[in-house]
Every structure is written in C-alpha cells, then in structure tokens.
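K.L.:
just coords:
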C-alpha cells in the first residue's frame, strides 16, 4: 500500500490522506447523497501507452464534461479537528473500494471493473485516477461534504453495466426512488444515503441513455451506448456521494456552513424557518444547495 500523501487546503473542516486517503468534514447528523457526474484533471502521465485507459485519457475525457457537472476537489489541512465526523477514505488500489463514515453510520462502496485497474494516481488537484487495462476506468474526487465517484467508457467495447456493491449497517436497506435515483434507509425509514438520478455524457456533450437498477445492496448504473447510431467516445458517468446535515442546534450553524461551503446566513434562515414549525433544517449540496425541514 502507498504511503500517505498530504495536501494543504484553505478549508478548516476537511482533511485527506492518500494511501488510503481520508477526507473528513464537520457534522453532527448527516446523510450521504450520490448522483452522476464526471471531472477532468490536467493532462498528466502523457508517457503512458498501450491498450486500456491511461491517466491522460481519463483527464482528457473528464475535461469534456459540461460545466457544473463536476465538483471541485478538496485538499487537506495538517490534521482533523475534534469536530470532523464525516470521513471519506479513498484507496490506493481500486479493489479496496471507497469508505464513508459519519457517527455510527459506515458505508463502503466497491468500484466497478476494479479487477482491471492499476494503482491509483493522485493528481495535483486532488483527484485519484485508476488507469485500467480494460475499456473503462475509475476516478475518485473528495469534495466538500462527500466524494465524487467517476467512470470513463473509452469505446464501444466498454460494458453497459457498472455495479457498486454497498456494505451498509445491519437493518439498513438500499431502495430505488421514484425520481430515478436510489437511497439507503434505516429500520425507522430515516434516509441515510441518497443517489441522485444517473446521467452519462459523451465527448461531444450529448446525453447518453442511462439509469440505475437496484438488487439487494448493489447499485448498478446502466449506460446504454452500444446500440446508439452516433456516439462520441469516451463517455463519462458516475454516482456522487455528498453529505446532508441535519442542524439540531444553533451551535451547528457555522459547522454546517463550512462543511457545505454556503453562507452562514442561509443556514440561519433555514434554522429559523424550520424551528417555527417545530422541526430542524436538513441541508445538502445536492443540485448546488437543497434544504428541507425534518423532525
């Protein structure tokens, strides 16, 4: 396993290591959300050649994705603070999978096609790319409040199915949602994790038909590219986990604002609105910023 590689950041509530790389965000109550997007790093490792998908090819592919679909990577201060309760572990080897934890909730997510992946390469912007001997590859980006999981389909030989096996606590279940996404709920029906509806996009910026299927604790993204009459490769697609904070006290306003990267007044406004209803604000960075009142 690789030795940890540290990076500096201006954000006081996040830390990371690559080895397994760990990212932590401040939280008290949280839900993890996931959706679909892809991201590009610089054209590094240009010397790589041969079959499969190289780091450079992944970077170029990700760079073609429409603006706004990719999140900025976060880096790391010297170490975690006492308040950091959300942790994301990015593995040096794709087969180890990505781990997330907050409080007593732990989630492990396997990466698709990991058997053909090389060791991860940590780019200067914080993205970990897993070059591959196959027709698709993975990339992982730690972001404010979560992590972005990425796939690059290099050509028509690439599979149409990308499965993420989830290891979740006992009593929890994975289920599909009416909007085309998915979620993990506990025994009481409380949502712990949400996956935004899937998307995929080709190198010309054209949407590629895609959807999720759920079987047991496996979430599969199906990318229907093989029978398309015209498609520009590579295609990019993925699920994106980010955190949802339930703010249960005024002391958590600043913590939530920092972790989500939003203004404190916005959190205060939702606090006042929800408290007037005898409820608490549940906040996330889904679709930029999403909020609702919960009990």
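P.N.:
Everything's here; your move. In this text the structure is predicted, and so the values were computed from the model without any measurement. Residues are numbered from 1 along each chain as shown.

K.L.:
Regarding the chain, what is its longest helix?
P.N.:
Criterion DSSP state H: the longest helix present in the chain is helix 264-275.

K.L.:
in that one, what's buried?
P.N.:
Going by neighbour count (16 or more other CB atoms under 10 Å), the buried part of helix 264-275 is 266, 267, 268, 270, 271, 274. No exception for glycine: its C-beta is placed from N, CA and C like everyone else's.

K.L.:
roughly how far apart are the first one and residue 247?
P.N.:
Using CB to CB, to the nearest Å, residue 266 is found at 11 Å from residue 247.

K.L.:
got the angle between the helix or strand just after the longest helix of the chain and helix 264-275?
P.N.:
Proceeding N to C from helix 264-275, the next assigned helix or strand is strand 280-284, under DSSP states H and E. Here strand 280-284 points in a direction 140 degrees away from that of helix 264-275 (axes from the mean of the first three to the mean of the last three CA atoms, to 10 degrees).

K.L.:
what's the average pLDDT for strand 280-284?
P.N.:
Per-region confidence: strand 280-284 scores 84 on mean pLDDT.

K.L.:
Can you name every helix or strand that it contacts?
P.N.:
Contacts defined by 3 or more CB pairs under 8 Å, 6 or more residues apart in numbering; DSSP states H and E place strand 280-284 against strand 30-34, strand 242-246, helix 253-260, helix 264-275, strand 290-294.

K.L.:
again, 6 Å this time
P.N.:
strand 242-246, helix 264-275, strand 290-294 (3 or more CB pairs under 6 Å, 6 or more residues apart in numbering; DSSP states H and E).

K.L.:
Packing partners of the second one?
P.N.:
Where contact means 3+ CB pairs under 6 Å, 6+ apart, helix 264-275 is packed against helix 253-260, strand 280-284.

K.L.:
swap the cut-off to 10 Å and go again
P.N.:
Packed against helix 264-275 by the contact rule (3 or more CB pairs under 10 Å, 6 or more residues apart in numbering; DSSP states H and E) you find helix 253-260, strand 280-284, strand 290-294.

K.L.:
Tell me the buried residues in stretch 194-209?
P.N.:
Within stretch 194-209, the residues scored as buried using 16+ other CB under 10 Å are 194, 195, 196, 198, 199, 200, 201, 202, 203, 208.
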